[in-house]
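Participant: no FASTA, just this:
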């Protein structure tokens with residue numbers, strides 16, 4: 001995924017420029033929100049580096065961090081397992097999409113992301129899933145809002 005971010009940087013920056021232009025025309029979007037939404041080459045490189053650091057972490061699945069034996073001989077262990085599906089709601093932060101996808105895939109979880117309508121053009125989650133292979137496509141889902149559907153004419157879930 002990190003390599004894909006850097007390879008497709010121009011496409012991502014172009015889509016982000018569309019999102020910024022759209023957000024600037026809306027009266028309810030604050031300057032601080034625009035700053036969080038804005039991507040540049042250094043932010044994309046930082047996102048890619050974060051994904052590489054996450055990938056380099058030890059596999060958390062199946063590791064035990066506690067065990068005890070009861071007086072009757074019963075052994076009790078706490079073992080790390082995936083949660084299953086993680087849902088994350090956030091606004092105007094394309095970097096959260098990369099971080100959440102990387103962490104959830106590393107930990108064996110599927111992820112549902114609900115980003116703000118400010119980043120509809122970016123569709124970064126769709127691109128990450130498409131490049132992550134079959135496991136990524138099964139585990140990664142970006143959810144669109146109903147208001148986004150009305151505005152763009154696109155379906156709410158892709």
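Facilitator: Sure thing, it's come through. Since the structure is predicted, the reported quantities are computational estimates derived from the model, not experimental observations.
Participant: which secondary element of this structure has the worst mean pLDDT?
Facilitator: Lowest by mean pLDDT, DSSP states H and E among the helices and strands of the chain is helix 146-152, with a mean of 45.
Participant: Work out the gap between stretch 58-73 and the centre of the chain.
Facilitator: A distance of 30 Å separates the centroid of the chain from that of stretch 58-73, by C-alpha atoms, centre = their mean, to the nearest Å.
Participant: Would you mind listing the outside residues contacting that stretch?
Facilitator: 75, 76, 77, 78, 79, 80, 81, 82, 106, 107, 108 (C-beta atoms under 8 Å, 6 or more residues apart in numbering). In short, each C-beta sits where N, CA and C put it, glycine included.
Participant: Break down the protein into its strands, ranges please.
Facilitator: Applying DSSP state E to the chain gives strands spanning 64-69, 75-79, 85-89, 110-114, 140-142.
Participant: follow-up on the earlier one: take the contacts of stretch 58-73 and lay them out in TSV including pLDDT, neighbour count and distance to residue 90.
Facilitator: Shown next, in TSV, are the contacts of stretch 58-73 (pLDDT from 0 to 100; neighbours: other C-beta atoms under 10 Å; distance: C-beta to C-beta, whole Å):
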residue	pLDDT	neighbour count	distance to residue 90
75	95	8	41
76	95	9	37
77	94	10	34
78	94	11	30
79	93	11	30
80	91	13	25
81	92	13	25
82	93	14	21
106	92	17	19
107	91	18	18
108	91	17	22
